[in-house]
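> okay, sequence plus prediction incoming.
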Amino acid sequence: MSDPQPLLRLDALVAGYTRPVIGPVSLQLTRGEVLGLWGPNGTGKSTLLKAVGRSARVFSGSIERQPGAVLAHLDQQPVRLPAMPVTGRELLRAAGARPEVLETTQPDTLAPLLKRRIDRLSGGQYQLLWIWSALAAGADLVLLDEPTNNLDPANRAALIEILALERDGRGVLIVSHDHDFLERVCSRLLEVRDTGLVEAPTTRGQDR
Ligand SMILES: Nc1ncnc2c1ncn2[C@@H]1O[C@H](COP(=O)(O)OP(=O)(O)OP(=O)(O)O)[C@@H](O)[C@H]1O
């Protein structure tokens, strides 16, 4: 079951800001895959996501996204919306979440968040809702930078649960230092080293 064209293909990508900070790196992500990136601080993992999201500079190599694939990018510091009387449910509807997803498939932890004003949620609650809205709205290519930061154990467990839902339709690329989380959710893990990306063994993701 492989796509004719992967959702995302990086070929010898060198990316950075005023100067390159990562690369050359190559990878492919297909629908149904959850790919984890981990490695030491400052090796350019977030920059790689930003380059895919077009907020970092590409010095050489290429980034090919499947035409029409909808991208959602959770940055390390999620942008909060200004104060306004909008509930979580209204946010998800505005993002294009399908009604059946809103009514049936949300984990218990999310139900109370749907009723609350989003400008009154805590940082972690907002982050979880933001990720759920990207998934429920059917983003094809989801980039998550340190998604377990700010989450307590219950919300971290909810994140693991929602990432497992309807996984076949999308590809997810996750940067995290939370290795246990990556092992739980990822089908493939890559370690970022000075020499490039190295395939890392994953014990739990294989059978998902
Ligand atoms: N906006 C920016 N402008 C210039 N340099 C930057 C910018 N953001 C990050 N850098 C530099 O790029 C390098 C890689 O940073 P990046 O945040 O991509 O690494 P990382 O692997 O995600 O690190 P961490 O694990 O600490 O989050 C670092 O040297 C950092 O100082």
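Right, received. Where do you want to start?
> Three-state assignment for Thr47, please.
The three-state label given to Thr47 by DSSP: H, G, I helix; E, B strand; the rest coil is helix.
> hang on, it packs against Val21?
Yes: assessed by CB atoms under 8 Å, Thr47 is found in contact with Val21 at 5.2 Å. (C-beta placed from N, C-alpha, C; glycine too.)
> between those two, which contacts overlap?
Ala15 (CB atoms under 8 Å, 6 or more residues apart in numbering).
> got the buried residues for stretch 43-59?
Using 16 or more other CB atoms under 10 Å as the test for burial, stretch 43-59 gives 43-53, 56-59.
> helices and strands around the longest helix along the chain, which ones?
With secondary structure taken from DSSP state H, the chain has its longest helix at helix 123-136. Based on contacts counted as 3 or more CB pairs under 8 Å, 6 or more residues apart in numbering; DSSP states H and E, the elements that helix 123-136 packs against are strand 71-74, helix 88-95, helix 111-115, strand 141-145, helix 153-164.
> show the average pLDDT along that helix.
Regarding helix 123-136, the rounded mean pLDDT is 86.
> re earlier: also within reach of the ligand: list those from the buried residues of stretch 43-59.
Applying CB under 6 Å from any ligand atom to the buried residues of stretch 43-59, one finds that 43-47 fall near the ligand.
> present those residues as JSON lines; the columns should include distance to Asp168 and pLDDT.
JSON lines is the format used below for those (distance: CB to CB, whole Å; pLDDT from 0 to 100):
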{"residue": "Thr43", "distance to Asp168": "31", "pLDDT": "94"}
{"residue": "Gly44", "distance to Asp168": "30", "pLDDT": "95"}
{"residue": "Lys45", "distance to Asp168": "26", "pLDDT": "95"}
{"residue": "Ser46", "distance to Asp168": "27", "pLDDT": "95"}
{"residue": "Thr47", "distance to Asp168": "29", "pLDDT": "96"}
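> OK, contacts around the residue nearest the centre of the chain?
The residue lying closest to the centre of the chain (CA atoms, centre = their mean) is Leu144, at 2.6 Å. Going by CB under 8 Å, 6+ apart, Leu144 touches 74, 131, 172-176.
> of those residues, grab the buried ones for ChimeraX.
Applying 16+ other CB under 10 Å to the contacts of Leu144 leaves a buried subset, and the ChimeraX line that selects it is:
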select :74,131,172,173,174,175,176
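> now the contacts of Leu144 in CSV, with distance to Leu37?
Shown next, in CSV, are the contacts of Leu144 (distance: CB to CB, whole Å):
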residue, distance to Leu37
Leu74, 14
Ile131, 17
Val172, 11
Leu173, 7
Ile174, 7
Val175, 5
Ser176, 8
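> just the contacts of Leu144: which are in helices?
Per DSSP H, the subset of the contacts of Leu144 in helices is Ile131.
> now, which of the contacts of Leu144 sits nearest the ligand?
Using CB to the nearest ligand atom, Val175 is the member of those that sits closest to the ligand, with 6.1 Å.
> touching, the closest one and Thr43? I think so.
No: Val175 lies out of contact with Thr43 (CB under 8 Å); the separation is 10.1 Å.
> where does this protein dip in pLDDT?
Where the chain drops to pLDDT under 70, the residues are 1-4, 78-79, 100-106, 203-208.
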